[in-house]
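J.: What shape does this take:
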Amino acid sequence: MKEKIINLLKSTNREGMEKVIEFLENSDFFTAPASTRFHGASEGGLAEHSYKVYEILKHKVANCVKEFKFPEESIIIVGLLHDICKTNYYKTDYRNAKNSFGEWKKVPYYTVDDTIPYGHGEKSVMMLTEYIKLTNEEKYSIRWHMGFSEPKENYGSLGLAFKKYPLALLVHEADLEASYFYNT
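T.: As a prediction, this is how the structure comes out:
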């Protein structure tokens, strides 16, 4: 998985991408979970989920009822890096739980340790723009990829972003599909 992701990111030839890759390799991106208890709540879940979102997004763009001409590099960047905000975000802790014999044992579980409380999509955009220049379509797509799980006060802006930047809607759909259909 790691090699596939790195090769795809390198293929964008985006200035600064080597710095993004270096950040990913020096972080827990390839070993972190994608969530604490939902999709990808296991070691490597974040990388698996990110790759699945990329695959689904690529398929959605190629087979959309309306034809769009998004650059391949945008599909790669948005699909693979929409959740970069989850790097160095989860920690392993332990709690007591009964095993199948009714005995108490310490078991690991994931917890959140948000050292950069800047939101979700906006945090991913902020982190990426420290290394690479994003197009407006990429910024909005990453920022709004959570779609209607955003607070309802944001629905007006979300709808405008989906109209203005169709890739944002497609990545939101790809994220949902990867989370629910594949449980990655």
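J.: Go ahead and flag the most central residue of this structure.
T.: Nearest to the mean C-alpha position of the chain, by CA atoms, centre = their mean, lies residue 83 at 2.5 Å.
J.: Spell out which helix or strand contains residue 106, please.
T.: Following DSSP states H and E, one finds residue 106 within strand 104-112.
J.: average pLDDT for stretch 171-184?
T.: Stretch 171-184 shows a mean pLDDT of 90.
J.: Just the residues contacting it, thanks.
T.: With CB atoms under 8 Å, 6 or more residues apart in numbering as the test, stretch 171-184 has contacts from 34, 38-40, 45, 48-49, 51-54, 56-57, 60, 78-79, 82, 141-142, 144-147, 162. To be clear about C-beta, it is placed using only N, CA and C from the backbone, and glycine gets the same treatment.
J.: Pull out the buried members of the residues you listed.
T.: Burial by neighbour count, judged by 16 or more other CB atoms under 10 Å, picks out 34, 39-40, 45, 48-49, 51-54, 56-57, 60, 78-79, 82, 141-142, 144-147, 162 from the contacts of stretch 171-184.
J.: Narrow those to those in helices?
T.: Within these, residues falling in helices by DSSP state H are 45, 48-49, 51-54, 56-57, 60, 78-79, 141-142, 162.
J.: centre of the chain versus stretch 38-58, how much separation?
T.: Here stretch 38-58 is found 7 Å from its chain centre; the criterion is CA atoms, centre = their mean, to the nearest Å.
J.: just to revisit the earlier point, okay, the very next helix or strand once past the strand holding residue 106 in PDB with CA atoms only?
T.: As assigned by DSSP H and E, the chain's next helix or strand after strand 104-112 is helix 121-129. What follows is helix 121-129, C-alpha atoms only, in PDB (Å, rounded to 0.1, in the frame of the first residue of the first chain):
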ATOM      1  CA  GLY A 121     -11.000  19.400   6.000                       C
ATOM      2  CA  GLU A 122      -9.600  22.800   6.700                       C
ATOM      3  CA  LYS A 123      -6.700  21.200   8.700                       C
ATOM      4  CA  SER A 124      -5.900  18.900   5.800                       C
ATOM      5  CA  VAL A 125      -5.800  21.900   3.400                       C
ATOM      6  CA  MET A 126      -3.600  23.800   5.900                       C
ATOM      7  CA  MET A 127      -1.200  20.900   6.300                       C
ATOM      8  CA  LEU A 128      -0.800  20.400   2.500                       C
ATOM      9  CA  THR A 129      -0.300  24.000   1.700                       C
END
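J.: buried set for helix 121-129?
T.: Neighbour-count burial for helix 121-129, counted by 16+ other CB under 10 Å, picks out 121, 123-128.
J.: same thing with stretch 158-174?
T.: For stretch 158-174, a neighbour-count test (16+ other CB under 10 Å) marks 158, 161-162, 165-174 as buried.
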